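>>> With the input below, show me the fold.
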Amino acid sequence: MSFAQPPIPHPRFGSRIFRRRIRLENRDGAVIAGLEDNLHAARLRLRHDGSRILAVEAQWLRQPNRNCSGAIAQLGRLAGQQLTGSRALFRACDDPRRHCTHLHDLLGLAAAHALRPAPTREFDLAVPDPKDGVTIAQIRVDGEPVHRWRTDLLQILGPEEARGGMFLRGFGAWSAARWGGDALEAAAVLQMGIIISGSQRFDLEAMRRLHPDVALVSRERVDTCYAYQAERIDTALPTQGTVRDFTDCPEELLRFL
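Numbers count the residues shown, from 1 in each chain. Next up, the predicted model:
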């Protein structure tokens, strides 16, 4: 991560586990979706007619900066788009960088779930803090293990059949050449969790308290998501009191859904 202010190391780094849970529920012409991790908590409702998105409603319960709220309205741009189980096709509908990364991904997962007969799908991922620069990141789908990667948070180091995947460069095409269906979907969810887990190195709440009127991220992140678009990156000020630690209490995730 590149910061606009001096980073403060987290005193417990090395002992915690980053956790993210996503749940999707089919309900009579709608999909209810929720996402929660240490930095984010959001839910949305996708209404559909069986083939297209009719409307999207979303709500933040915890968000990293004040600009995130405006990203909710952006989801309305996808009304009328065809439901698809293809992440690549969904992302081609509208530039993902104009959206909140997490809400856009959640909506894409909901659009795929709308086409499934199964009532629910749940993703659970865990990324322990690296030790000696390496950790084991894993994801379960509906309780079943799907991927277990040895990683330095930049690329997959093992197992051998997955070795070399770079999380910040070309991962979508790389993973699509190796997996399909549920395994490909789970790989994308785990990729994002691994990227976000790098925030565990820093005491973000302390940084927010010390500089409440200074954006956490540097201008190197400009145009990477809704909050950091050039026209609003200078007002991407941090929210306080929103960081959680689910290391020892994964059962607390998505209690609001």
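>>> Can you list the low-confidence ranges for the protein?
Flagging of the chain using pLDDT under 70 yields the residue ranges 1.
>>> Which residue, other than its chain neighbours, is closest to the residue nearest the centre of it?
Centroid-nearest residue in the chain, with C-alpha atoms, centre = their mean: His102, separated by 4.4 Å. Residue nearest to His102 in three dimensions, not counting chain neighbours: His40, with 5.5 Å by C-beta to C-beta, 6 or more residues apart in numbering. Where you see a C-beta, it was placed from the backbone N, CA and C, and this is true even at glycine.
>>> Leu257 versus that neighbour, what's the distance?
Here the criterion is C-beta to C-beta, to the nearest Å. By it, His40 lies 13 Å from Leu257.
>>> the more surrounded of those two?
More crowded of His40 and Leu257, by other C-beta atoms under 10 Å: His40, with 22 against 15.
>>> how about the one helix or strand Gly172 maps to: buried residues?
Here Gly172 sits within helix 171-176, counting by DSSP states H and E. Of the residues in helix 171-176, those buried under the neighbour-count criterion (16 or more other C-beta atoms under 10 Å) are Phe171, Trp174, Ser175.
>>> Just to check, the second one is in contact with Gly165?
Yes: using C-beta atoms under 8 Å as the test, Trp174 is close enough to Gly165 to be in contact (5.3 Å).
>>> Which other helices and strands does the helix holding Gly172 contact?
Applying 3 or more C-beta pairs under 8 Å, 6 or more residues apart in numbering; DSSP states H and E, one finds that helix 171-176 makes contact with helix 87-91, helix 181-197.
>>> The longest one - contacts with which helices or strands?
Packing contacts for helix 181-197, counted by 3+ C-beta pairs under 8 Å, 6+ apart, involve strand 17-27, helix 87-91, helix 101-113, strand 120-128, strand 135-141, strand 144-151, helix 171-176.
>>> The same query, at a cut-off of 10 Å, please.
strand 17-27, helix 87-91, helix 101-113, strand 120-128, strand 135-141, strand 144-151, strand 156-158, helix 171-176 (3 or more C-beta pairs under 10 Å, 6 or more residues apart in numbering; DSSP states H and E).
>>> Tabulate those in CSV, adding columns for distance to Leu61.
Putting the helices and strands packed on helix 181-197 into CSV (distance: least, C-beta to C-beta, whole Å) gives the following:
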stretch, distance to Leu61
strand 17-27, 13
helix 87-91, 24
helix 101-113, 12
strand 120-128, 18
strand 135-141, 23
strand 144-151, 27
strand 156-158, 32
helix 171-176, 28
